[in-house]
Every structure is written in structure tokens, then in C-alpha cells.
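# Structural data only, the sequence is not supplied:
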């Protein structure tokens, strides 16, 4: 039976989308991975771009609201921002809850390249988290 992972963030546009991409990539066929937000802001084009740079296509992802998942059970619920961690609703079952706050690249300012570098920095942190997760779980 596949283990189920739900990744939560505020807007389900950057951090949770990148995490979903890496978790699907690293989890292989043993995991079902979903992401959602307290709100939905659409998948950020810069997140799509920096993930394509490392060979992961998230352009087909959708920005989903947490309400779609509250009646489902998960093995792991991972919050990737403090706001989602503080506002995560109750989920039935015995899901392991994990929290790792990543910087929000959508708030980056500066030149186009500086903003993309912020996205790359967050992407790399999320990749490290994903690799570490699958070493332990």
C-alpha cells in the first residue's frame, strides 16, 4: 500500500508546489503526494521555471485548497511555512505531522535574476529536505 503525503503552505503556489515535485521524484512508486494551501494563488511561473532547471516539471500541477483534503487520511502531513503550520486543520487518522519553514521566494524583490536566485535558494533547501525525508521515512 502506498503511503500518502500532503504538503501544506499558505497559497499552494511556490514552496508546496516545489516540495510536491521533489517528493514525487524522490518517493517513486511507494508514495502518493499531494499539495494544498490555506488559500489558492495558482502555481507561480518562477517556481515552474526553477524546477525545470533541475529536470522536474510542475507545470501540470494545480493550486488546490486544503478543504479538498480534510476528509482524507494521510501518513504524513508536512507544513512548509509557519502560517500553514499554525492554521492546519485537523485530519482524521494518525498522520505524522512534520514542519519545516522555508523562505517564501514570492516575497523576493530585486532584479529578475535576484528574484530567480531566491526561488533557486528555496528550491535547493526543499530538495535537501526531501532527500533527508526519504532517508528517514
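That came in fine, so what should we check first? As the structure is a prediction and not an experimental result, all values here were calculated from the model. Numbers count the residues shown, from 1 in each chain.

# what helix or strand is the residue nearest to the spatial centre of the chain on?
Most central residue of the chain, judged by C-alpha distance to the mean C-alpha position with Cα atoms, centre = their mean, is residue 16 at 2.0 Å. Using DSSP states H and E, the element containing residue 16 is helix 15-27.

# returning to that earlier point: the residue nearest to the centre of the chain: what's it in contact with?
Applying Cβ atoms under 8 Å, 6 or more residues apart in numbering, we find residue 16 in contact with 7-9, 35-37, 80, 84. Placement of C-beta: from N, CA and C, glycine included.

# out of these, who's nearest residue 104?
Looking at the contacts of residue 16 and their distance to residue 104, the nearest is residue 9, at 8.7 Å (Cβ to Cβ).

# ok so, going back, mind checking what helix or strand follows the helix holding residue 16 in sequence?
With secondary structure assigned by DSSP H and E, helix 15-27 is succeeded by strand 31-37.

# If we ignore the residues flanking it in sequence, what's nearest residue 12?
Leaving aside its sequence neighbours, residue 12 sits nearest to residue 37 (Cβ to Cβ, 6 or more residues apart in numbering; 2.9 Å).
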